[in-house]
Structure formats: C-alpha cells, structure tokens
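1. just the structure for this:
(one chain, ligands or ions: 2)
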Amino acid sequence: MAVVKKDEKAKVANPQDASIDAATQIMIKRAQDLGIDTCFDRNVTLKPCSIGNQGTCCKNCSMGPCRLPLPKDYDEANDTRKGICGATANTIAARNFIRMVAGGAAAHSDHGRSVAEVFLSAARKETDAYQIKDVRKLLEIAPFLGVATTVEKDGAVLDRDIDEIAVEVGEKAMEEWGKAEGELEYLKRAPKPRYELWKKQGVLPRNIDREIVEIMHRTHMGVDQDYKNLMKQGVRASIADGWGGSMLATDLQDILFGTPYPLASEANLGVLKEDHVNIVIHGHEPVLSEMIVTTAQKPEMVAYAKSKGAKGIQLSGICCTANEILQRHGVPLCGTFLQQELAIITGAVDAMVVDIQCIFQNVANVAKCFHTKLITTHPIAKMEQDNAIHIEFDEHHAVEDAEKIVRMAIDNFANRGAEVMIPRQKSPIIAGFGVESVEYHLGGTFRGSYYTLNDNIINGRIRGVAGVVGCNNARVKHNEGHITVVKELIKNDVLVLTTGCNAIACAMEGLLTPESAKVFCGPGLAEVCETVGIPPVLHLGSCVDNSRILLAATEVVKAGGLGNDISDLPVAGSAPEWMSEKAISIGQYVVASGIYTVFGAVFPTAGAPVFQRYLFEEMEKMYGGMWDFEADPVKHAWKMINHIDAKRKALGIDQARERVMMDFADRQALDV
Ligand code: BF8
Ligand code: SF4
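-> Residues are numbered from 1 along each chain as shown. Ligands and ions are numbered 1, 2, ... in the order given. From the prediction side, this is the model:
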C-alpha cells in the first residue's frame, strides 16, 4: 500500500472531538496513523471565512468581492454598510441566500429530471433495463398531472391502457421543468388552503427551470435590490423543488423501482465484510444504484466473485444513494456524508461507485492510497484525479454498464492489501417507511387513513411530529447534533420522521428499531410504538424524499381534527448539522409549506440582522411557517417542542394531553 508521507507538524483532529460515533473515531485515528488526511483533519487546519459565514460577502461582479461583516458595535438604525454598487447587507445576504436555494433546487430537480427521462424511456419501452413496477402509484399520481386513468367508450367508463397512461405521465412530468405557460401541475398535491395562500402571495411556480433561472437573473449585479422581493423568488423556486422536482423524483422512482415498505437491515462501517467483494455506492440517483443492486445479486456475478476467492458480494451505500437502496432492497448503510473517506480507509472497499452530489473530491486521493477503484458514472460529475475511472452510465446500456462496474470490483478483490481494518460497529435497523406505510401502521388495516395517527396526536400520546433531516457538517461534531435533537424529541413524545444523513445517523445510533421506543421515548410515544410495532424514528428515505414528509403532513390535514392546513399542525422541522445548498432549499420549502424549521451549525444570514428577522419572524405572518437557528441541540429540540405545544394550544388539544398522561400514569400504577 502506498502511503502518503505524513507531515509530522500537521495539525490533526482529535477523533473524540470529531465524532460521537466509535467506528468513526477509530477510522479517523487509523487515517492519521497512515498519514492520510480526512475532512476531520482539514477542518482543523482550514478555518471558515467569518464574513462569508455571515452571508455578507458579495462576489457577484468583479468590482468586489465586497465584504460587509457585522460591526462589533452594530447599530441597526445606523447601518451604513454597502458594497461598491451600494448593495446593502440585506440585499447581499438575500441574494446569497436565494442563490443557495437555486443551487439546491437545481440539484434535486435535475436529479428528478433524469429520473423522468428514464421513466419516459421505460414507458415508451426504449429500454429493457427499467420497467413500470408500481402501477398503483402510477394511477395515484396520474390525475395530479392531468392524465386520465379511464376512458369513455360507448357510454361505458373503461380503464385506460397502463402503457398509454405511463407515456402520458412521463410526458406531462417532463413538461413540469419547462412548459411555456401555466403553473406546476403538481401543486395540486398540496392542501387547498396552502395552494390558495401561495396564490395570494404570488409564489406559484410556473415551471421548475424558470424559477431557478430567474433567481440567477435577479441576483445578477444590479437587478433585484429588495430583500423581500428577492425572497419571494426564493420561496417560489423552493416550492418548485419540494412540491415539484423532488416530489416528482420520489414518485417516479417509486413507480420505476417500487414504493418502499418497512424492512430490516444494518448501518455503519461494520457492514463491510472482509471476506466479500465490497462495493460501496455513493451519491444520489437510484437510476444507477438500482441496476448495480440487481446486477450484484445475479447468481453468475456471485459465482464470479467466488471464483476470485471471495465469499460473495457485499453492497453498501453512503449518503442518499444509501437510503435509496436501503429503502427498496434492504442494502445496508455504510455511513453518512462524513464517513465517505473512512469507508475507503478500511482497506476493504474494492470499488466505490459514485454518481452525483455530496461526493468529496478527496475520495480519489484516499483511494490512491489503497487498491480501491473509484468509479465516476455521471456525465455531469467527473474528477480531475487520474485514478478516477469514468464509466458513463446510460439507461440504454444500463445492464452492460452495471456488469462492467461489478466485474471491475470483483477483479479488484485480489489486489487488496494485507492491512484491512473494518470496525466492528453496526446497528440493526428497520427502514423503508413512506406515506403509504405510515398509513398502514398508524391507520390500521380497516380504516386505511391517517385517522389513528391524528387520534393519537389529539389524545396527546403523540405530542407532535418532527421532520429531522439533513447533512453532516465537518464544522460540528459528527452526529452529535442529530442524535441529541432526536433523542430529546422522542423523550418528549414527539414522533420523528427522518431522511438523508440524519436518517443514517439515527440508524447508526440504534434509534430505528421498535425496541428503542422503550429505552428512549416518553410514555405516550412508547405506548404507540409498542402497540403498532414501529420505531419512534421513521426512516422516510433520501433528501428528495422529504417530499414524503410534505405528503404525510397533507394526509394528516386531510384526515381531520387538526386544522385546515399544514401550518395548523403540531409539527416542526429541523436540520441540526446542515451544510448543503440543498438543505437551504429544503428548509425554505418546508417553511413555505407552513412548518416552523430550526437549523443548527451556522446560519448564513447572521451578518444581515434585518433580513434574518424577515426569515425568522415575518415569514410566519406570510406562510404560517418560519426559519429559526439554534446551535445547542437540546435548546434546538426545545424550540421545536415549544412550537408544537403552541400549536396544540391553538388547536385546543393541550388539555387533552394532560388528561391522557394522567390516564396512562393511572394505568401504570394499576399494573404494579
Ligand atoms: O441529499 S443529507 S450530506 S447526502 S445533502 Fe448530502 Fe446532506 Fe447527506 Fe443527500 Ni441531503
Ligand atoms: Fe460589490 Fe455590488 Fe459587485 Fe456585489 S454586485 S461585488 S456588492 S459591487
């Protein structure tokens, strides 16, 4: 094994300070022993720019960068800060903020577009590799795109041909990105009052691409100079993400690859197997990973791996691809965003296959120190390092491409060095929840609705529901924010819905098992979880699957008894360790959907207090939801719980909660 020469003087991370996870700590130490730097060490040597961090550095033209840090003696009434063109701190922070929305919405939505393209190829039968798998879901979403599922013939109503419906759904879906007139069809999925509110505020997205382009235009030098007007466009583009690009990605993926249902698996670096060919899939688009999963499970591939001395093929995932292949196939989670380098440092990864988003360029440097083949697969995501092998994945040759990749990994098994070190840590998990399975578990077989969930919220066993999602961020202790926030919530009877890297963090911590309810939950939530056999933290998938949270909230509204709109519900959102532009887009569409949303780590508008107040206070008056920031995870959770309690009070169900708690205590006493 070629070892990068260690700079003895280089500062490195203290593993115990860098992560709460034992496997991660072990591997950070191993990397340091081998002289290989990881993001944890780079975080020690590379300090963030404090002005950029505040959101008040503008480099939108070459007269800048104009840097407007918040003065120590900041006086809001006399804030004279301005750039060369005169842009104020509010304008600069708002422009930067909505450019983040544009970046995030573009990433989710371009992913959605790729899925829609593959969907259309499958519907038109131009590819053998992908088929329409979930007809029920196809029929469910068709009306939202204005596609009829029945046809009238001679006075009789007949079912339309499924292939015909699929082609039309594919075509209509593609139009959502670039139609010339009208508005997003998919907005009809939101509760009616929400749609009307967006209409009143003038933020109904016209098409996905247009809203993103308009952000780039408005934030160009010398265009929109009013932070409120800039934010209006930020809101509109974020809605195009959440209720458009992301939601279409989720739905079309479910139709192509199957809607997830709960299944068992495992999580953390310990899922790698020393005697197997290890293929780690990393990125976001299931179009690639689905094919690799199918290929790696083929008997001839397993036999080929055995012929090379391995016991089999162990697939695992990093980042949202991990969540995608977990929720549909039970493929184990290898780790979160911050563990991507560490997976290779085990020395046991024969191939890491990456597609798009959240991929560290440094994985190529780390792979150079081991036998690991690093394979890029997407035409829009290549790497400059010469050891990155590019095998372009294309739906028309998907099977051949996947076979080539899997064979390359198998052939590489023999090249493993002697120094393999896989940490033991892994946790059992139950994942694969969705709108449908929440209905099944909490709605009961007979009712088939969200009635029981609502009932448990009304009677107070479940105090409220929180969506806790998002990234890891090397600037804060890996997983500490995620786990502390989630544990505090479930301890206080708040049911948690999770996606993205928060879901992986909860998985590693053992919170995704029904058994964890007894250990970590308040009595009300524990009772519900134990009765229906679900974990107190429900894994709903990847980051585009935050759309499942929006739809679950919509179902709760429809089931009745908890107000008329999402903004009436006792719910809250959180991203304790966010880092990506995608997280900002998600946060903004969650706020625009009427949900109070708290971010941890840092908030990118701190240098412009007036603009920040607009996000943190004024937004609620407009959308019934607002942003907030809290770095301390316990206080962070309590901001959410207090908000949930305020919503319960507004609904008049705060008293019910006390009564039920007493009933439960009484029953406990009788049991003794
Ligand atoms: O889309 S949570 S670090 S993996 S951005 Fe990335 Fe953040 Fe993880 Fe998935 Ni989401
Ligand atoms: Fe400076 Fe204005 Fe140019 Fe931004 S747009 S860099 S604030 S001159």
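
2. which ones are touching the nearest residue to residue 473 once chain neighbours are set aside?
-> Spatial nearest neighbour of residue 473, chain neighbours left out: residue 579 (4.0 Å); criterion: Cβ to Cβ, 6 or more residues apart in numbering. Where C-beta positions appear, they are placed from N, C-alpha and C, glycine not excepted. By Cβ atoms under 8 Å, 6 or more residues apart in numbering, the contact set of residue 579 is 337, 471-475, 601.

3. and the chain, which residues reach ligand 2?
-> Applying Cβ under 6 Å from any ligand atom, one finds that the chain approaches ligand 2 through 58-61, 63-66, 83-85, 87, 92, 221.

4. which among those end up buried?
-> 58, 60, 64, 66, 83, 87, 92 (16 or more other Cβ atoms under 10 Å).

5. among those, which ones are in strands?
-> 58, 66 (DSSP state E).

6. may I have the phi/psi pair for the most centrally placed residue in the chain?
-> For the chain, the residue nearest the mean C-alpha position is residue 543 (1.9 Å; Cα atoms, centre = their mean). Main-chain torsions, residue 543, degrees, to the nearest 10: phi -70, psi -40.

7. that one and ligand 1: what is the separation?
-> Counting by Cβ to the nearest ligand atom, to the nearest Å, the separation of residue 543 from ligand 1 is 3 Å.

8. count the neighbours of the residue lying closest to that residue once chain neighbours are set aside for me.
-> Once flanking residues are discounted, residue 543 sits nearest to residue 500: 4.4 Å by Cβ to Cβ, 6+ apart. Other residues near residue 500 come to 33 when the count uses other Cβ atoms under 10 Å.

9. residue 470 versus residue 500, what's the distance?
-> For residue 500, the distance to residue 470 equals 5 Å [Cβ to Cβ, to the nearest Å].

10. okay, and the common contacts of these two?
-> Taking Cβ under 8 Å, 6+ apart as the contact rule, residue 500 and residue 470 both touch residue 543.

11. picking that back up, most neighbours of all the contacts of residue 579, which one?
-> Within those, neighbour counts (other Cβ under 10 Å) peak at residue 472, which reaches 31 neighbours.

12. out of the contacts of residue 579, which are close to ligand 1?
-> 337, 471.

13. need the contacts of residue 579 in CSV (columns: pLDDT and secondary structure).
-> Listed next are those as CSV, based on pLDDT from 0 to 100; DSSP: H, G, I helix; E, B strand; the rest coil:
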residue, pLDDT, secondary structure
337, 98, helix
471, 98, coil
472, 98, coil
473, 98, coil
474, 97, coil
475, 97, coil
601, 96, coil
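
14. closest to residue 425 among the contacts of residue 579?
-> residue 472 (16.5 Å; Cβ to Cβ).

15. near ligand 1, which residues of the protein show up?
-> Residues of the chain lying close to ligand 1 by Cβ under 6 Å from any ligand atom are 284, 319-320, 337, 358, 470-471, 500-501, 542-543, 580, 582-583.

16. most surrounded residue in those residues?
-> residue 501 (36 neighbours).

17. touching, it and residue 337? I think so.
-> Yes. If you go by Cβ atoms under 8 Å, residue 501 and residue 337 touch, sitting 5.0 Å apart.

18. would you map out the domains in this protein?
-> 89-257, 269-415, 433-651 (automatic domain parsing).

19. now the ones you listed in CSV, with distance to residue 45?
-> Converted to CSV, those look like this (distance: least, Cβ to Cβ, whole Å):
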stretch, distance to residue 45
domain 89-257, 25
domain 269-415, 13
domain 433-651, 12
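
20. hang on, the earlier thing: and for residue 501 and residue 337, which residues touch both?
-> Common neighbours of residue 501 and residue 337 (Cβ under 8 Å, 6+ apart) are 319, 471-472.

21. closest to residue 228 out of the residues you listed?
-> Looking across the shared contacts of residue 501 and residue 337 and measuring by Cβ to Cβ, the closest to residue 228 is residue 471, at 28.2 Å.

22. now the closest one: phi and psi?
-> With angles defined as degrees, to the nearest 10, residue 471 sits at phi -80, psi 180.

23. try residue 467
-> With angles defined as degrees, to the nearest 10, residue 467 sits at phi -100, psi 110.

24. between the residues of the chain next to ligand 2, which is closest to residue 412?
-> Taking Cβ to Cβ as the measure, residue 412 sits nearest to residue 59 out of these, at 42.5 Å.

25. which SSE is the residue nearest to residue 473 in?
-> Using DSSP states H and E, residue 579 falls within no helix or strand.

26. which pLDDT value goes with it?
-> Residue 579 carries a pLDDT value of 98.

27. save the buried ones among the residues of the chain next to ligand 2 as a markdown table, and put in pLDDT too.
-> As requested, those are exported to a markdown table (pLDDT from 0 to 100):
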| residue | pLDDT |
| --- | --- |
| 58 | 98 |
| 60 | 98 |
| 64 | 96 |
| 66 | 98 |
| 83 | 98 |
| 87 | 98 |
| 92 | 98 |
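
28. which of the buried ones among the residues of the chain next to ligand 2 fall within helices?
-> Here DSSP state H is the test, and those give residue 92 as lying in helices.

29. tell me who's in contact with residue 478.
-> 18-21, 24, 40, 336, 338, 472, 577.

30. skipping adjacent residues, who's closest to it in space?
-> Nearest non-adjacent residue to residue 478, counting by Cβ to Cβ, 6+ apart: residue 19, 3.6 Å away.

31. surely residue 278 is in contact with residue 347?
-> No. Here residue 278 lies out of contact with residue 347, judged by Cβ under 8 Å, at a distance of 10.0 Å.

32. comparing those two, which shows the higher neighbour count?
-> residue 278 (30 against 22).

33. that one belongs to a strand?
-> Yes. Counting by DSSP: H, G, I helix; E, B strand; the rest coil, residue 278 is part of a strand.

34. list the residues that contact it.
-> 272, 314, 316, 348-351, 409.

35. quick one: contacts for residue 280?
-> Applying Cβ under 8 Å, 6+ apart to residue 280 gives the contacts 272, 315-318, 334, 343-344, 349, 351-353.
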